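Enquirer: sequence plus predicted model, see below.
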Amino acid sequence: MIIGNGMLANALRKYDRDDVVFFASGVSNSQETNRSEFERELSLLYSTSDQYKDKKLIYFSTCSMYDNSKSDSLYVQHKINIEHIISEVYKDFLIFRIGNAVGKGGNPNTLINFLKSAIETNKKITLHKNAGRILVSVDDIAEFVSNALMQFKNQHIDFAYPYQYKPLEIVSGMENYLGRKANYEIIDEGALYEMEFDRIIKDYFRDISPSEYLDKIFKSHL
């Protein structure tokens, strides 16, 4: 069973199964400040647990909780709270903390969608020189999750391409792909994530370089 209808939910369709609940209807905008959105997700989670307690729950959280600059955001605090609730309510679950998910369509506020729109409209953007951004295709999320379903139980798994892209690196690649120049300024701010990826994640992506993965994302989802 799949809860949700966004780009991640759509990528999971071909892996749907009766004994698993894929909860792909969470708050997707990391800049969200409307508490009603967080309450909506929480309410949906509780109603899902009431109906499907006998099934394995797959929940999608965020790697942003490793970003010190976002530790106080409502979005990150919400995800931490949701993770705690799941561990208390469900007997069988997996929580995937994912990077910046990339897929066709979806929320216009996600990183890649925002940058694409800014380049196409010549909107000026600010890039943090010292920041790192972790990307992952929704297709890879869906494939990896489907393979990991029965290998793990009651765990948190960090999943993203194991490389921290500089914002300028992403913008430069997008400029080349779109054939348009971006309007941006660079400021001396930002920081890299403090996290390490497990060997199983590195092995999954072992045959593709950072530049190749960026190209793959653009070709598949822009």
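Expert: On my side now, so go ahead.
Enquirer: make it CA atoms for all contacts and neighbour counts henceforth
Expert: Noted.
Enquirer: quick one: classify residue 60 as helix, strand or coil.
Expert: Following DSSP: H, G, I helix; E, B strand; the rest coil, residue 60 is assigned to strand.
Enquirer: helices or strands next to the helix or strand of the chain with the lowest mean pLDDT in the packing?
Expert: One helix or strand of the chain scores below all others by mean pLDDT, DSSP states H and E: helix 35-51, with a mean of 90. Contacts defined by 3 or more Cα pairs under 8 Å, 6 or more residues apart in numbering; DSSP states H and E place helix 35-51 against helix 74-89.
Enquirer: who does the helix it packs on touch, helix- and strand-wise?
Expert: Using 3+ Cα pairs under 8 Å, 6+ apart: helix 74-89 touches helix 35-51, strand 56-62, strand 93-98.
Enquirer: residues of it that come out buried?
Expert: For helix 74-89, the neighbour count (16 or more other Cα atoms under 10 Å) marks 74, 75, 76, 78, 79, 82, 83, 86 as buried.
Enquirer: ok, now stretch 144-156?
Expert: 145, 146, 154, 156.
Enquirer: could you report the neighbour count for the closest residue in space to residue 71 that isn't next to it in sequence?
Expert: Excluding the flanking residues, the one nearest residue 71 by Cα to Cα, 6 or more residues apart in numbering is residue 65, at 6.0 Å. When neighbours are counted by other Cα atoms under 10 Å, residue 65 registers 20.
Enquirer: tell me the secondary structure for residue 65?
Expert: Secondary structure assignment for residue 65 (three-state DSSP): helix.
Enquirer: what residues are up against it?
Expert: Shown in contact with residue 65 (Cα atoms under 8 Å, 6 or more residues apart in numbering): 71, 76, 80.
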